[in-house]
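1. from the sequence below, what's the structure:
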Amino acid sequence: MDKFAELNRAMIEQYAPRPGRRPLLPDLSDKARVALMCRMLFREGWNEHIAGHITYRLPNGTILTNPWELAWDELTASDILTLDSEGTIIDGEWNTTPAIGLHIQLHALRPDVNVVIHNHTRWSGIWANMHRVPAVYDQTGAHCGVDLPLYNEYEGTFENKTTSLSAAQALGTAKWALLANHGALVVGKDLRQAHLRVVTLEWRCKRAYEVELLGGGVPLPDEEVEKVGITDANGFPFCWEAMARRELRADPTIVD
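-> A predicted model of the protein is given here:
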């Protein structure tokens with residue numbers, strides 16, 4: 001663990017709720033957490049109709065994912081599917097997306113990655129379509145560092161095994177990528193880290209687009225972005241829980 005990750009972890013421990021305080025969230029099943037993640041990211045602009053998929057690998061090697069037939073803002077915990085490590089459904093009544101192979105291959109290639117998220121996104125999708133990487137203009141867009149790969153070898157949709165494998169290999173050790181003329185891809189060690197990366201990516205892309213509309217601005221220096229990016233190691237403290245509570249207030253049935 002580097003010094004920035006240590007600082008971030010120390011901050012989480014320092015400001016953790018004190019004994020006797022109410023918990024930040026009720027007890028949630030793993031499927032409920034994935035369903036909440038879908039709702040949270042839908043609100044962030046990862047909301048292209050029924051497109052998009054989240055996979056969450058559990059310690060036992062099984063993988064949870066959202067079903068193909070349902071939009072991210074309507075599914076609940078009971079709709080989440082359980083897959084084996086090869087992507088075969090072992091529990092659930094819905095279907096998986098034909099593009100699940102990209103996720104399965106990423107999980108196999110990256111032992112450090114337990115969460116893979118893909119969709120045809122609102123703001124990062126604009127930059128992907130322009131084949132350009134947006135600069136970082138403010139603190140919120142700096143939470144996950146500077147480097148943002150652009151995967152620009154579009155060969156069609158990801159249900160083709162060769163295409164999805166090439167995309168998985170192209171990601172290398174990166175935490176996220178813009179997929180040219182397609183959308184965005186984010187990975188993480190857990191839901192908290194992946195959530196921060198999605199939020200940061202969309203904010204960075206939205207701000208950069210707005211700044212360019214106004215004639216341009218002054219990006220943050222890379223060294224300042226890296227300082228702010230200490231949050232990336234463990235996710236921004238308490239943000240995942242706060243956004244989960246927002247969705248639970250709007251629809252308590254998500255966890256059913």
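2. identify the residues contacting stretch 239-251?
-> Judged by C-beta atoms under 8 Å, 6 or more residues apart in numbering, the contacts made with stretch 239-251 from elsewhere in the structure are 24-25, 28, 33, 36, 39-40, 43, 191-192, 195-196, 199, 254-255. Glycine gets a C-beta too; all of them are placed from N, C-alpha and C.
3. list the buried ones in that stretch?
-> Of the residues in stretch 239-251, those with enough neighbours to count as buried (16 or more other C-beta atoms under 10 Å) are 239-240, 243-244, 247-248.
4. give me the neighbour count for residue 256.
-> Number of residues near residue 256 (other C-beta atoms under 10 Å) recorded here: 11.
5. just the pLDDT for it.
-> Residue 256 is assigned a pLDDT of 91 by the prediction.
6. and residue 220, what does it touch?
-> Listed by C-beta under 8 Å, 6+ apart, the contact partners of residue 220 are 135-138, 141-142, 228.
7. how about residue 64?
-> 30-31, 34, 55-56, 58, 80-83.
8. and with 7 Å instead?
-> Going by C-beta atoms under 7 Å, 6 or more residues apart in numbering, residue 64 touches 30-31, 34, 56, 58, 80-82.
9. give me the ChimeraX select line for those, limited to the buried ones.
-> For the buried members of the contacts of residue 64, the matching ChimeraX selection, counting by 16+ other C-beta under 10 Å, is:
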select :30,31,34,56,80,81,82
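10. on that earlier part again, out of the contacts of stretch 239-251, which is most surrounded?
-> Within the contacts of stretch 239-251, neighbour counts (other C-beta under 10 Å) peak at residue 36, which reaches 27 neighbours.
11. for the helix ranked longest in the chain, which outside residues touch it?
-> When the chain is scanned for its longest helix (criterion: DSSP state H), the result is helix 191-213. Judged by C-beta under 7 Å, 6+ apart, the contacts made with helix 191-213 from elsewhere in the structure are 33, 37, 40-41, 44-46, 56, 115, 117, 121, 123-124, 126-127, 134-138, 140-141, 143-144, 175-176, 184, 186-188, 217, 231-232, 234-236, 239-240.
12. inside helices: which ones of the contacts of residue 64?
-> Among the contacts of residue 64, the members falling in helices (DSSP H) are 30-31, 34.
13. so how far is residue 81 from residue 95?
-> In this structure, residue 95 and residue 81 are 8 Å apart, going by C-beta to C-beta, to the nearest Å.
14. now for those two: what residues contact both?
-> When contacts are counted by C-beta under 7 Å, 6+ apart, residue 95 and residue 81 have residue 67 as shared neighbours.
15. still on that earlier bit, buried ones among the contacts of helix 191-213?
-> Buried members of these, scored by 16+ other C-beta under 10 Å, are 33, 37, 40-41, 44-46, 56, 115, 117, 121, 123-124, 126-127, 134-138, 141, 143-144, 175-176, 184, 186-188, 231-232, 234-236, 239-240.
16. how about residue 69, phi and psi?
-> Dihedral pair for residue 69: phi -70, psi -20, per degrees, to the nearest 10.
17. so how far is residue 25 from it?
-> With the distance defined as C-beta to C-beta, residue 69 ends up 28 Å from residue 25.
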